[in-house]
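A.B. asks: quick one, fold the following:
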Amino acid sequence: MKMNRLWIVFNGEIYEYRELRARLISQGHRFRTQSDTETILHLYEQEGPEAIRHLRGMFAFAIWDARKKQLLLSRDRSEKSPSTTRSCPRVSTSAANSNA
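C.D. replies: The predicted model follows:
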C-alpha cells in the first residue's frame, strides 16, 4: 500500500486497529480503506517510529519513508509473526523466515 511518501509491506493483524483508526479520524486523518494496514501508515504519519508502541497484535511490517529516506522494520512483541533481516554493504533484505 502506498500513501504519498509512505510505503508499507505488512503481514499479520492489528487487534485494536478500529480504535486507533477512530482516534486518528478524530484528529483529522482521512482514510481510503477500512484496513489495519492503512491505520499503521496513518499512525506512523502522526507519531513516527513511536507508533509501534501503540500496536497490539500479531504482525511484521516494513515502512519506507521516501521523504526521510528511512526504512522502519517492526514486528510484534511476542514475535509470533516470523521475520528475519539481513544487511549487506548496499542491500538490506527482509523475509518471513531465514529460508526465504
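
A.B. asks: ok, longest helix in this protein?
C.D. replies: When the chain is parsed with DSSP state H, its longest helix is helix 36-47.

A.B. asks: tell me the buried residues in it?
C.D. replies: D36, T37, E38, T39, I40, L41, H42, L43, Y44, E45, Q46 (16 or more other C-beta atoms under 10 Å). The C-beta positions use only the backbone N, C-alpha and C, and glycine is treated the same way.

A.B. asks: starting at the chain centroid, how far to that helix?
C.D. replies: A distance of 7 Å separates the C-alpha centroid of helix 36-47 from that of its chain, computed with C-alpha atoms, centre = their mean, to the nearest Å.

A.B. asks: packing partners for that helix?
C.D. replies: Where contact means 3 or more C-beta pairs under 8 Å, 6 or more residues apart in numbering; DSSP states H and E, helix 36-47 is packed against strand 2-3, strand 6-14, helix 17-26, strand 57-65.

A.B. asks: again, 10 Å this time
C.D. replies: strand 2-3, strand 6-14, helix 17-26, strand 57-65, strand 70-75 (3 or more C-beta pairs under 10 Å, 6 or more residues apart in numbering; DSSP states H and E).

A.B. asks: distance between the longest one and the chain's centre?
C.D. replies: Averaged C-alpha coordinates place helix 17-26 at 15 Å from its chain's average position (C-alpha atoms, centre = their mean).

A.B. asks: I'd like the mean pLDDT over it, please.
C.D. replies: Throughout helix 17-26, pLDDT has a mean value of 97.

A.B. asks: fine by me, thanks again.
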